[in-house]
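[1] Okay, structure incoming, though there's no sequence with it:
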């Protein structure tokens, strides 16, 4: 009989920027490729630009129908055992598109770990990550400590979307995914034993 640890984990990699000429898809595809190579993870690459979630949130009526884009994305988030959020830093913060995506949902995030891949100038996008940790805490989603960050990101990738850092970054990605994997297994096991109630 298959055990929980033998079943692959399903990870949603979220491309957080929706700006024109954005860079987010490059690091998102890079980390998604490494996740798929492990063999114990399945990956859903979610592009918030394609999701086209409304910028204005719904009201307080719980019976009001959700907008169609929100309904379309909901099952993909609900299916995930863990999330990897790829974010730039804009003016020392994270993109509005990410905040909208978080706020349109609640239960879909609960008791599932989140890891961050960030990019920016000298800070590598870490100002955005530190703010996002607080936001995800409010939707009952723990964030892992390890982060992949790309300072001066325009120098860090070649024309094929691979990093120029070589083995050191591959090791960092492995440690990041190992940590996400551990938390995702632990929390999935816990949710299956006792449903999480925020």
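    Structure's in. What do you need? Worth saying up front: this structure is predicted, and the values here are computed from it rather than measured.
[2] Could you point out which residue ranges in the chain have low pLDDT?
    In the prediction, the chain carries residues with pLDDT under 70 at positions 1-5.
[3] which residues of it fall in helices?
    Assigned by DSSP state H, the helices in the chain fall at 25-38, 48-51, 68-79, 96-103, 126-138, 167-193.
[4] Quick check: which of those helices is nearest to residue 57?
    Of all the helices of the chain, the one in closest proximity to residue 57, counting by CB to CB, is helix 96-103 (5.8 Å). Every residue, glycine included, has its C-beta placed from N, CA and C.
[5] Other residues contacting that closest one?
    14, 16-18, 48-49, 51, 53-55, 57, 73, 85, 87, 109, 132, 135-136, 139 (CB atoms under 8 Å, 6 or more residues apart in numbering).
[6] Taking helix 126-138 as reference, get the angle to that helix.
    10 degrees (axes from the mean of the first three to the mean of the last three CA atoms, to 10 degrees).
[7] Buried residues, helix 96-103. List them.
    Buried positions in helix 96-103, judged by neighbour count with 16 or more other CB atoms under 10 Å: 97, 98, 99, 100, 101, 102.
[8] Could you dump those into CSV with distance to residue 194 added?
    Rendered in CSV, the data for the buried residues of helix 96-103 read as follows (distance: CB to CB, whole Å):
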residue, distance to residue 194
97, 34
98, 30
99, 30
100, 31
101, 28
102, 25
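[9] which one of those residues sits closest to residue 43?
    Each of the buried residues of helix 96-103 was checked against residue 43 using CB to CB; the closest is residue 101, at 17.7 Å.
[10] how far away is that closest one from residue 174?
    For residue 101, the distance to residue 174 under the criterion CB to CB, to the nearest Å works out to 27 Å.
[11] Looking at the helices of the chain, which is nearest to residue 150?
    Nearest to residue 150 among those is helix 25-38; the distance by CB to CB comes to 6.3 Å.
[12] For residue 107, grab phi and psi.
    Here is the backbone geometry of residue 107 (degrees, to the nearest 10): phi -60, psi -30.
[13] I'd like the distance between it and residue 23.
    From residue 107 over to residue 23 (counting by CB to CB), the distance is 31 Å.
[14] If you count surrounding residues, which of the two has more?
    Neighbours per residue (other CB atoms under 10 Å) separate residue 107 from residue 23, with residue 23 holding more: 17 against 14.
[15] buried sites along stretch 7-19?
    Neighbour counts using 16+ other CB under 10 Å place 9, 10, 11, 12, 13, 14, 15, 16, 17, 18 of stretch 7-19 among the buried residues.
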